[in-house]
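In: the following comprises the amino acid sequence and a computationally predicted model.
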Amino acid sequence: MPSHVFADRPAQPPERETVDALITRTRRLRGDVDAVRPDPEVAEDDPQERWRRALCDLALHHLDDLGSHLGQLKDGLPQETAEAIADELAEYEADRAAAGTGSLLSRVGSAEWNLLTDEVSWSDELYRILGRDSRYGPMSLDEMPSLVFAEDQPLLTAMVTDCLVDGRPIDGEFRVVRPDGRVRTVHMMGEPVLDADGSTASMWAVLRDVSELRRSQRAVRETRDWLQRQQHMEQTERRLAVEMQEAVLPPWRGSLQFPHDGPTSLDVAAHYLPSASGALIGGDWYDALQLPAGDSLLSVGDLTGHGVSATSAMAMLLGALRGMAVAGIRPGALMTHLNQLLETSPQPALGSAVCCRYTPGTRSLSWAQAGHPSPLLFRDGAGRTLTAPDGVLLGATSGAAYEQAELTLRPGDLLVLHTDGLTRTSATSDDGADRLTALAARFARARDAQECVRVMVEEFGEQEREGDACVMVARVIA
C-alpha cells in the first residue's frame, strides 16, 4: 500500500485547525526523536550508534524546517499575492518535476573512508545522490572535489582537512555537479574515528540531498521579499495619495460662510469619508469657492480609480474647474470643457460631477451634472431629489453637450450634494436617496450646515462602503 504522503489526490487548502494540529504533532515528534538520539559518549566507540545519532541529528534539522514552514502556512498567503506570483511558483514546480522527486523528503546516503587501508565504502543511496555508477566504485577523499561545484571546492577541502587534522566534526553544505550535468545541493555531516593512539584512523559521513528543501526555502524567501516590497510600495503610494488629496481639497473645517465680506447668505459644510478599509484613496472631491461677482461655486465629483493616479487626475480637474468658474463660465459650459479636458488628457479617466453656481441677490441656483447623483433639496421639513439636466460621464464621449438647470431657493432651504460612494455598499441594495430624504426632520432641527453634515456622517459613516465618498451641505440664510 503506497504511503499517504505520495497519494494522488487533489490538493485542498488546509484549514487552520488542521495546520495547528500538524504544528503540535511536529513539536511532539521532535521531542520523541530527541529522546531516542544516542548520547555522544555512547556513540563514540560504536559505529552503529554513531550512524543512529547522525540520522537523528538530520531528522531534528528536518523537523525544525518543517515547523518553520507550517508556521508560515498557518499565517497564509493573500489570494491576490498568490495570483501575482503564480509564474514564480509554476517555475518552482517545474524545477521539482525535473529533479525527479515527488516531495521535499531528502535522500540520505553514507560513506566511510579508512585512512589506514585506503578502503572506501559508500551506501547505494549515495551513488544515486551523486549520480555515480556503482560499477566505478566509491571515490576517495582526494577525488571527491572533482564532483563539487568549483566555487564550493575550497569549503569541502577545508571541512575534510579540519576533520582529519584537528578532529573537528563536519557539518556543511556544498553543490555537486552530477555526470548528467544536474547540480544538487548536499548537506554533509561526519566525524573522525580515532584509533587507540588518538590518531585519525577513518572518517565517516552522512550526506543528505537537500536540493528540493533549499529550492522550496528559496521560493518562500523570494515570496516573502516580494510581499515586503509590495507592501512598501502600497504604503508609499497611499501616503503620496493622501498628501496630494489633503493638498487639493479645501483646507477649511467646520462651516464656511458666503460671502466672506458681507452679510451671510449661504452656510456651507463638507466632509470626506474614507472607504471601509481605509486603504483605498480615490478621486472623490468637494469644493466651495466664492467667485469675483459675489456668486458661490459648489461642486462635488468622483474620478475612477484609486491611488496617486486618481488623486493627480482629481487635482488637474479641480484646478481647471476653479479656473473656469472664476473666469465666469456657467455650469453647463463648464462641464463641456471638463469633458474635453479628460478626453485630451494623457491619463485616461472617467468622472462624474455636479457643479452649482449660487447668486445670493436673486437666490438663483444654476447647476449641471455629468453622470452624477442629483442634489437633494430639503424645504419645509421634506426632501426631494432635483430633476437632473442631461449630462453623460466626463471623458465618456467626445463632443458631449451638458444641459443646465435653474432653480430659485428660499431662506431656510437646504441643499445636499454627495458622491455615489456615500450610499453604495456591498451589503445593501436599498435606495440611498430615500435614506437621505428620511433625514429631513433631523436636518430641520440642526443649527447649521456643519450639524447637518454630522447627521449624515452618523447615518452613513459606519457602513461598509465599497469606496470613499464626499458630502456637502449648503443652507440658505437670507
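Out: Perfect, thanks for sending it.

In: output the below-cut-off pLDDT ranges for the stretch 251-400 of the chain.
Out: Along the stretch 251-400 of the chain, the model assigns pLDDT under 70 to residues 276-280.

In: can you give me the helices for it?
Out: 308-326, 331-344 (DSSP state H, counting those that start in this stretch).

In: what angle do the first one and helix 331-344 make?
Out: With axes from the mean of the first three to the mean of the last three Cα atoms, to 10 degrees as the criterion, the two stretches helix 308-326 and helix 331-344 enclose an angle of 140 degrees.

In: pull out the buried positions in stretch 157-164.
Out: Across stretch 157-164, burial judged by 16 or more other Cβ atoms under 10 Å covers 159-160, 163-164. All C-beta atoms are positioned from the backbone trio N, CA, C, and that covers glycine.

In: just these now: which is nearest Ser398?
Out: Met159 (74.1 Å; Cβ to Cβ).

In: pull the number of nearby residues for Ala388.
Out: 17 (other Cβ atoms under 10 Å).

In: isn't it up against Gly371?
Out: No - taking contacts as Cβ atoms under 8 Å, Ala388 lies outside contact range of Gly371: 9.5 Å.

In: any idea how many residues pack against the residue lying closest to Met335 once chain neighbours are set aside?
Out: Distance criterion Cβ to Cβ, 6 or more residues apart in numbering; nearest residue to Met335, sequence neighbours excluded, is Tyr402 at 3.8 Å. When counting by other Cβ under 10 Å, one arrives at 23 neighbours for Tyr402.

In: what do you get for Val248?
Out: With other Cβ under 10 Å as criterion, Val248 counts 18.

In: so the closest residue to it other than its chain neighbours versus Tyr136, what's the distance?
Out: Nearest residue to Val248, sequence neighbours excluded (Cβ to Cβ, 6+ apart): Ala315, at 4.6 Å. According to Cβ to Cβ, to the nearest Å, Ala315 and Tyr136 sit 74 Å apart.

In: ok, these two, which is more surrounded?
Out: Taking other Cβ under 10 Å, Ala315 and Tyr136 do not tie; Ala315 has more neighbours (17 against 9).

In: ranges for the strands of the stretch 251-400 of the chain?
Out: Using DSSP state E, counting those that start in this stretch, the strands of the stretch 251-400 of the chain run over residues 256-258, 266-273, 285-290, 296-303, 351-359, 364-370, 376-379, 382-385.

In: equivalent analysis for the stretch 51-200 of the chain, please.
Out: Per DSSP E, counting those that start in this stretch, the stretch 51-200 of the chain carries strands over the ranges 107-114, 120-122, 170-177, 183-194, 200-209.

In: minimum distance to Gly305: which of those strands has it?
Out: Smallest distance to Gly305 across these (Cβ to Cβ): 46.0 Å, for strand 183-194.

In: I'd like the mean pLDDT over the closest one, please.
Out: What strand 183-194 shows for mean pLDDT is 91.

In: walk me through which strands that strand pairs with, and which way each runs.
Out: strand 170-177 (antiparallel), strand 200-209 (antiparallel) (DSSP bridges).

In: dump those strands into CSV; add distance to Asp287 and mean pLDDT as well.
Out: Output for these, formatted as CSV (distance: least, Cβ to Cβ, whole Å; pLDDT from 0 to 100):
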stretch, distance to Asp287, mean pLDDT
strand 170-177, 64, 93
strand 200-209, 67, 91
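
In: which of these is buried the deepest?
Out: Of those, the one with the most neighbours on average (mean count of other Cβ atoms under 10 Å) is strand 200-209, at a mean of 21.

In: ok, back up a step: can I get the helices of the stretch 251-400 of the chain in a markdown table including distance to Val300?
Out: A markdown table is the format used below for the helices of the stretch 251-400 of the chain (distance: least, Cβ to Cβ, whole Å):
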| stretch | distance to Val300 |
| --- | --- |
| helix 308-326 | 11 |
| helix 331-344 | 13 |
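
In: Asp295: which of these is closest?
Out: That would be helix 308-326 among these, by Cβ to Cβ, at 8.7 Å.

In: now what about that closest one, what contacts it?
Out: 237, 240-241, 244-245, 247-248, 281-285, 287, 289, 291-292, 297, 299, 301, 303-305, 334, 337-338, 341-342, 345, 347, 349, 351, 353, 355, 357, 394 (Cβ atoms under 8 Å, 6 or more residues apart in numbering).

In: now it - C-alpha only, PDB.
Out: What follows is helix 308-326, C-alpha atoms only, in PDB (Å, rounded to 0.1, in the frame of the first residue of the first chain):
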ATOM      1  CA  VAL A 308      -1.800  58.500  -6.900                       C
ATOM      2  CA  SER A 309      -3.200  58.300 -10.500                       C
ATOM      3  CA  ALA A 310      -6.700  59.100  -9.300                       C
ATOM      4  CA  THR A 311      -5.700  61.900  -6.900                       C
ATOM      5  CA  SER A 312      -3.400  63.500  -9.500                       C
ATOM      6  CA  ALA A 313      -6.200  63.500 -12.100                       C
ATOM      7  CA  MET A 314      -8.500  64.900  -9.400                       C
ATOM      8  CA  ALA A 315      -6.100  67.800  -8.800                       C
ATOM      9  CA  MET A 316      -5.900  68.600 -12.600                       C
ATOM     10  CA  LEU A 317      -9.700  68.500 -12.900                       C
ATOM     11  CA  LEU A 318     -10.400  70.500  -9.800                       C
ATOM     12  CA  GLY A 319      -7.900  73.200 -10.800                       C
ATOM     13  CA  ALA A 320      -9.500  73.500 -14.200                       C
ATOM     14  CA  LEU A 321     -12.900  73.800 -12.600                       C
ATOM     15  CA  ARG A 322     -11.900  76.500 -10.300                       C
ATOM     16  CA  GLY A 323     -10.200  78.500 -13.000                       C
ATOM     17  CA  MET A 324     -13.100  78.300 -15.400                       C
ATOM     18  CA  ALA A 325     -15.600  79.200 -12.600                       C
ATOM     19  CA  VAL A 326     -13.600  82.300 -11.700                       C
END
